[in-house]
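> No letters, just coordinates:
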């Protein structure tokens, strides 16, 4: 058996502590599978006194994460600090610069600085593992980078943020409003005190940027991701969606359109029969379409100490086994320059909900505007009548362009009978 | 860029031709991802004249598969001949003996001779890839062997045979009987002229033996798999299952029970809300439970030229990238000797359907026998009454042992009012 693989873990939050615990609890099994023992030799965190429920006695303690990378008894650095800048970035650059393999769960770091870090890793000839950065318990990085490596991928779509999926699930099941459910989720620890990172779609966008880079063999490009969160999703629209045979999910979608690659995160309506529609609660799921493999669907736990630690350790075992896969699935020089297309180029069907004063002629005005913008309707929904009061009208369009629907909505919003900003939700066919 | 990886493909059926086509069509993309070109240099098949819809001109043709392994212009051998013995086995042994990596889609070969082939591969220090042997388009081998490598697995359960799943799906949707649907499936090419390999569960059992070996780190042991097929599943039981909130699926299940590992293939009732219940038609799916990752679920195309070729090429790209993972996830010496437990040790709930003469006292007799064997009932179903005619009675038990229910059924079958052999289907909780 080869010599031990000595690991330094920086960041001892839930995931860091979980990783140390996993490496301790399953040490025998991991050594058998990796062909050598994988041992934590050093850790780094701010507060040495905190009880993290895991035994760190006997481990070298570094106040400074970069010092951990320089520790000669550390062969591999695990970065679990988080954040695209600051100590996480400094540690990542230090480790790779020292030609030490890096394993990270840091989606922000990868999404924002992944291209330059990959170049450093490639030059150093060491691995950069980030299975834990996307959908923790689901080996989606491995599935795309290795499992589907022979395929031309046409689409990747996923539920990438458990907090949003939990909130949307509870809103639907309990017919409650967003702010109400968010407050509960915060109380239960499913949402952060400052939830904007999750509910505004940033977290999902970081993950989608990573998946899109892998799937389409392009340098990672967070700036190209169109991002909308779930703050504007209402219980009313969820209930209309149900009636029309849809579920509302926060999806991350990267798709080849012919003109380039669309990369977008937004609430979307998916048919109830679609695989992604059935993914409820804190679960994550990813669907990928390959030209030879067909549609592949993976579901599992996206976050939490256990699933994320499992992904970190999978990367460590790969490194212990001596595996070397290019960071983005191909050498930097072999990545494509396939362009991203802006959301204005999106073509699809739309759900549009207006609050209008129930008076004669409103619908004629609305439909005339849609007609003028070349938008045709598949269906319309209005329940009951309340003359001169506000009522919701739901319109589902046939396929049209984002530019056309945006133009129509701008004009519809100006009608005096239209009372609030119209709700618009893109429909994903599956 | 490194020198080309030169591939010899033995067997040019649908999958063989698909593999050659995939390597040709996506050659550029594959070279970028693998870091070197992957080129077919030689093929072997019986009939040279057959048009397979793929260009094999310019390739060396071997009548004898073993000769292909000896070809010095072949670096890696792809075995797509099929069958546990004969030319497939001879080729596999020859290739590994010559220290050439082997990629195969042959589940029978792996299930029956996988332990000895792994020993040869290990001694030779070369890879033996078999992603294509189980659930083609789903990278389940990679997910278990690498993605969940840090986890202690407690259960793997899957829909592993598309033909059976297709037949059961059509039986349910169209309320038709087994033989009727099988005949249609044969006409459509979804089932073989001799369908026994699929419908008697052998194919699923080969695949399950492979998954069980990987999941539990044990030498592959096909003989330990308990196998029942779907011939005895009736439209009547499918309809009762629906009424009780279940679906009937042919499942392959490997589970740690405390006493050892249960490895079984049989029709099972799963709650409609379970992930596996929603997998219809020719799709395959596998669920795995890890102690840290939690439940992971993968669904995709299990068979056909495209998905299987995709898996073969994923293995080839791994080999081109220089990856070396132990065949069964750990070196032979590190595999465990955890025992298998026979089906008689199974503990679970059961669905039992009897055809009885509708006369007073029958139910009293049946329930008395169940009581005598310590089997308690969760629910009972009987529709209408037809005095002195045959009526179905359905009983759902609480958890009990296979020995207890088998003993009870043997006695129930002897009752004169019980008209045909009772139908018994195991219930899987999820």
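Looks like it arrived, so ask away. On a predicted model such as this, the values are computed, not experimentally measured, just so you know.
> and the residue in the stretch 301-430 of chain A positioned nearest to chain B, what element?
Across the stretch 301-430 of chain A, no residue is closer to chain B than residue A:313, which sits at 3.3 Å (C-beta to the nearest C-beta). (Each C-beta comes from the backbone N, C-alpha and C, glycine too.) Following DSSP states H and E, one finds residue A:313 within helix A:305-320.
> Now do that helix: distance to the chain's middle.
Put simply, helix A:305-320 sits 19 Å off its chain's centre (C-alpha atoms, centre = their mean, to the nearest Å).
> any idea which helix or strand comes after it?
Next helix or strand after helix A:305-320 toward the C-terminus (DSSP H and E): strand A:340-341.
> Quick one: mean pLDDT over the helix holding residue A:313.
Averaged over helix A:305-320, pLDDT sits at 97.
> Quick check: mean pLDDT of stretch A:162-177?
97.
> Correction: the previous question concerned stretch A:121-139.
Rounded mean pLDDT across stretch A:121-139 is 96.
> Check the separation of the first and last residues in it.
Stretch A:121-139 has an end-to-end distance of 21 Å (C-alpha to C-alpha, to the nearest Å).
> That one near chain B at all?
Yes. Judged by C-beta under 8 Å from any C-beta of the partner chain, stretch A:121-139 and chain B are in contact via A:131, A:136-139.
> For the stretch 1-150 of chain A, which segments count as strands?
Ranges of strands in the stretch 1-150 of chain A, per DSSP state E, counting those that start in this stretch, are A:5-10, A:38-44, A:60-62, A:76-79, A:102-104, A:128-129.
> okay, the ones you listed in JSON lines with mean neighbour count next?
Listed next are the strands of the stretch 1-150 of chain A as JSON lines, based on neighbours: other C-beta atoms under 10 Å in any protein chain shown:
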{"stretch": "strand A:5-10", "mean neighbour count": "25"}
{"stretch": "strand A:38-44", "mean neighbour count": "23"}
{"stretch": "strand A:60-62", "mean neighbour count": "16"}
{"stretch": "strand A:76-79", "mean neighbour count": "29"}
{"stretch": "strand A:102-104", "mean neighbour count": "29"}
{"stretch": "strand A:128-129", "mean neighbour count": "26"}
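> Just put those strands in CSV and tack on distance to residue B:282.
Shown next, in CSV, are those (distance: least, C-beta to C-beta, whole Å):
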stretch, distance to residue B:282
strand A:5-10, 42
strand A:38-44, 40
strand A:60-62, 54
strand A:76-79, 41
strand A:102-104, 38
strand A:128-129, 35
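> care to break chain A down by domain?
As recorded under automatic domain parsing, the domains making up chain A are A:5-133, A:140-300+A:339-343, A:346-427.
> how distant is the last one from the center of its chain?
This points to domain A:346-427. Distance, centroid of domain A:346-427 to centroid of chain: 30 Å (C-alpha atoms, centre = their mean).
> following the helix or strand where residue A:249 lies, which helix or strand shows up next?
Assessed by DSSP H and E, residue A:249 sits inside strand A:246-256. Later in the chain than strand A:246-256, the nearest helix or strand by DSSP H and E is strand A:261-271.
> Just the buried positions in that following strand, please.
For strand A:261-271, burial by neighbour count (16 or more other C-beta atoms under 10 Å in any protein chain shown) applies to A:261-270.
> Sheet partners, orientation included, of that strand?
Paired neighbours of strand A:261-271 in the sheet (DSSP bridges): strand A:226-227 (parallel), strand A:246-256 (antiparallel), strand A:340-341 (parallel), strand A:423-427 (parallel).
> winner for burial among those?
A comparison of the strands paired with strand A:261-271 by mean neighbour count, using mean count of other C-beta atoms under 10 Å in any protein chain shown, puts strand A:246-256 on top with a mean of 24.
> Including neighbour count, could the residues of stretch A:121-139 next to chain B go into TSV?
TSV is the format used below for the residues of stretch A:121-139 next to chain B (neighbours: other C-beta under 10 Å):
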residue	neighbour count
A:131	28
A:136	29
A:137	30
A:138	30
A:139	30
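> and the residues you listed as TSV, adding distance to residue A:145?
Listed next are those as TSV, based on distance: C-beta to C-beta, whole Å:
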residue	distance to residue A:145
A:131	9
A:136	16
A:137	17
A:138	13
A:139	10
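> which one of these is nearest residue B:173?
Proximity to residue B:173 was ranked across the residues of stretch A:121-139 next to chain B by C-beta to C-beta; first place goes to residue A:138, at 29.9 Å.
> quick one: contacts for the closest residue in space to the closest one that isn't next to it in sequence?
Leaving aside its sequence neighbours, residue A:138 sits nearest to residue A:300 (C-beta to C-beta, 6 or more residues apart in numbering or on different chains; 4.0 Å). Residue A:300 makes contacts with A:135-138, A:283-285, A:307, B:293-297, as judged by C-beta atoms under 8 Å, 6 or more residues apart in numbering or on different chains.
> What are the boundaries of the helices in the stretch 151-300 of chain A?
Using DSSP state H, counting those that start in this stretch, the helices of the stretch 151-300 of chain A run over A:162-174, A:178-188, A:196-199, A:202-216, A:235-244.
> Can you tell me which of those helices is packed in deepest?
Ranked by mean neighbour count under mean count of other C-beta under 10 Å, these are led by helix A:202-216, which reaches a mean of 27.
> Which elements pack onto that helix?
Helix A:202-216 is packed against helix A:107-124, helix A:140-142, strand A:153-159, strand A:226-227, strand A:246-256, strand A:261-271, with contacts defined by 3 or more C-beta pairs under 8 Å, 6 or more residues apart in numbering or on different chains; DSSP states H and E.
> Taking helix A:202-216 as reference, get the angle to the longest one.
Right, helix A:107-124. Inter-element angle recorded for helix A:107-124 and helix A:202-216: 40 degrees (by axes from the mean of the first three to the mean of the last three C-alpha atoms, to 10 degrees).
> Mind giving me the packing neighbours of helix A:107-124?
Using 3+ C-beta pairs under 8 Å, 6+ apart: helix A:107-124 touches helix A:86-97, strand A:102-104, strand A:128-129, helix A:202-216.
> can you put the ones you listed in JSON lines and add distance to residue A:110?
Shown next, in JSON lines, are these (distance: least, C-beta to C-beta, whole Å):
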{"stretch": "helix A:86-97", "distance to residue A:110": "9"}
{"stretch": "strand A:102-104", "distance to residue A:110": "7"}
{"stretch": "strand A:128-129", "distance to residue A:110": "9"}
{"stretch": "helix A:202-216", "distance to residue A:110": "5"}
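> mind checking which of the ones you listed is nearest residue B:215?
The closest of these to residue B:215 is strand A:128-129. By C-beta to C-beta, the value is 22.5 Å.
> Distance from the chain centre to the closest one, please.
18 Å.
> Next: stretch A:220-234.
10 Å.
> List the buried residues of it.
A:220-222, A:224-230, A:233-234.
> Figure out the length between the terminal residues of that stretch.
33 Å.
> what's that stretch in contact with?
By C-beta under 8 Å, 6+ apart, stretch A:220-234 touches A:110-112, A:114-115, A:118, A:164, A:167-168, A:171, A:177-178, A:196, A:199-202, A:204-206, A:208-210, A:212-213, A:248, A:250, A:262-267, A:328, A:340, A:342-343, A:423, A:425.
> Quick check: mean pLDDT of it?
97.
> what's the answer for stretch A:344-362, then?
Stretch A:344-362 shows a mean pLDDT of 93.
> In contact with residue A:288, which residues?
A:143-144, A:148, A:153, A:155-156, A:215, A:295-296.
> any chance of those in JSON lines, plus pLDDT?
Shown next, in JSON lines, are the contacts of residue A:288 (pLDDT from 0 to 100):
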{"residue": "A:143", "pLDDT": "97"}
{"residue": "A:144", "pLDDT": "97"}
{"residue": "A:148", "pLDDT": "97"}
{"residue": "A:153", "pLDDT": "97"}
{"residue": "A:155", "pLDDT": "98"}
{"residue": "A:156", "pLDDT": "98"}
{"residue": "A:215", "pLDDT": "97"}
{"residue": "A:295", "pLDDT": "97"}
{"residue": "A:296", "pLDDT": "97"}
